[in-house]
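please find the sequence and the predicted model below.
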Amino acid sequence: MLRQIFVIKKNEIIYRRSFGNALTDSEVEDLSFKIWNIAKKKLEKTTNHSDYFKYRIAYEVDIEKEIIFMFVTGLVDDYFRTIKPQLTIFISQFFESIEISPKKNKLSNSEIAKLNSIADPMHRNLKPKIAVVGFSGVGKTTIKQLIKLDEIPLQHVPTITGDIATIKIGDLFFHLFDFAGQEEFRYLWKTFIKGSDSVLIVTDSTQDNVYESKFFLELIENEVPHTRAAIIGNKQDLRGAMDIKEIEKILGIKTYSMIANRIENHDKMIDIIAEILDLSYESTPLIDSLVEQSHYLDSTIQLKKEMEKEKNSNDHYAELNEEVDEHLNEYYQEKKQGLKDEISDMLYKERLLALLKGRKSVKIDFIQRLLKIEPDKIINYIFDFIRNGLIECEFNEDNTELSITF
């Protein structure tokens, strides 16, 4: 997962973009000082990476302009295959967008906004991978559907080999992998789990299953030792469910209580993922909507709990309870549709931008036929690209053709 982007000029941070908690400014300045001294000895542009505690630091030094570009990622991220190409693109677009002079040590708000529009797609391109693992029947698919706000299954339907979904936390996007838990697919787990930024081990909170789940701890240790892992103690509403503290003592890692077939636990599940990935409002404003949604839902659920206490003495309990249930259902339906629309827009924009790159002109009806996007949306997306400084272009008089400059 791409956690932070920094641009440092003469040991001063002139640009930062955070997608999660990682390095402090003082740590970045200390690292940049060391990196700069190494580069000066070589007297040439230096591109490299090194591991710093829980993080991988990828950097490039421009000796002539006295600038260091730095990407901070997780240790599971592949430097050569994924990080370095994105770093190269960011640097190229930085110099295309920002004019740097010897005395310039501060960027304007408009320049920062332009760089943010370049940086945010980098996070989407280095989308964190969250793996949900566990044996058959423990509730992995229900948890995945709870996170996605899909319909909660009333009976267990085995997952065949696995499923991949895109989820959204605040304004950040993630890959969610749900792996089949049947024994016949055990040989695939090793491959599926590789490259996971986070692994959620789901247990059904029975004693046998909790002890069997030690298998996944060994799998993590062997295949993704640097991942952020946690246990989801599911089915806590069933008779005989082990206490969360007891499960945590047996398995030795952070354990969360969950009843995955209750839709009101959606935001709790999102909060769990945010905590495991070390995301917070303080580290990035891109998850502020998550905080707002959680506060809204908490107040509604609290109201419902208070009504439960008063139901014997409140003649209007049934009517009020129905009203709150309807309110919650409307909230989730709107949220579900909103998430689908946002994810759909993100994917369409990525495809459209990829299509436009390298072209001098393109007809709107060609884009419509190829990408299956309505003309009005195409034009709106293109105006978004223009506002964010990703392309420069002109429409012809009747808005049927586009001339492009990158």
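Cool, got the structure. Numbers count the residues shown, from 1 in each chain.

show me the shaky parts of this structure.
Across the chain, the ranges flagged by pLDDT under 70 are 43-44, 125, 150-164, 170-171, 179-187, 280-340, 342-343, 387-389, 405-406.

show me it divided up by domain.
Following automatic domain parsing, one finds the domains of the chain at 2-125, 129-276, 345-405.

what's the end-to-end length of the second one?
The distance separating the two terminal residues of domain 129-276, taken as CA to CA, to the nearest Å, comes to 12 Å.

mind checking how far that domain is from the chain centre?
On the basis of CA atoms, centre = their mean, to the nearest Å, the separation between the geometric centre of domain 129-276 and that of its chain is 17 Å.

what of the first one?
For domain 2-125, the distance from its own C-alpha centre to the chain's C-alpha centre is 20 Å (CA atoms, centre = their mean).

and what of the shortest one?
A distance of 26 Å separates the centroid of the chain from that of domain 345-405, by CA atoms, centre = their mean.

sorry, back to before: possible to save the domains of the chain as TSV with mean neighbour count?
Bear in mind the C-beta positions are built from the backbone N, C-alpha and C, glycine included. Output for the domains of the chain, formatted as TSV (neighbours: other CB atoms under 10 Å):
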stretch	mean neighbour count
domain 2-125	17
domain 129-276	18
domain 345-405	14
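
if I've got this straight, Ile68 is in a helix?
No: assessed with DSSP: H, G, I helix; E, B strand; the rest coil, Ile68 is strand; it does not lie in a helix.

for it, name its beta-bridge partners.
For Ile68, the beta-bridge partners are Ile8, Val61 (DSSP bridges).

ok, which stretches of this structure are helices?
For the chain, the helices identified by DSSP state H occupy 25-42, 84-97, 109-125, 140-148, 186-193, 207-212, 214-223, 244-251, 266-276, 288-310, 317-356, 364-371, 375-387, in order along the chain.

in JSON lines: those helices, plus distance to Lys54.
Compiled in JSON lines, the helices of the chain are given as follows (distance: least, CB to CB, whole Å):
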{"stretch": "helix 25-42", "distance to Lys54": "12"}
{"stretch": "helix 84-97", "distance to Lys54": "19"}
{"stretch": "helix 109-125", "distance to Lys54": "18"}
{"stretch": "helix 140-148", "distance to Lys54": "24"}
{"stretch": "helix 186-193", "distance to Lys54": "19"}
{"stretch": "helix 207-212", "distance to Lys54": "27"}
{"stretch": "helix 214-223", "distance to Lys54": "15"}
{"stretch": "helix 244-251", "distance to Lys54": "21"}
{"stretch": "helix 266-276", "distance to Lys54": "13"}
{"stretch": "helix 288-310", "distance to Lys54": "22"}
{"stretch": "helix 317-356", "distance to Lys54": "28"}
{"stretch": "helix 364-371", "distance to Lys54": "39"}
{"stretch": "helix 375-387", "distance to Lys54": "35"}
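
out of those, nearest to Ala230?
Ala230 lies closest to helix 266-276 among the helices of the chain, at 5.0 Å (CB to CB).

against Ile100, how distant is Lys10?
Computed with CB to CB, to the nearest Å, the distance linking Lys10 and Ile100 is 11 Å.

endpoints of stretch 12-27, how far apart?
Stretch 12-27 has its terminal residues 12 Å apart, counting by CA to CA.
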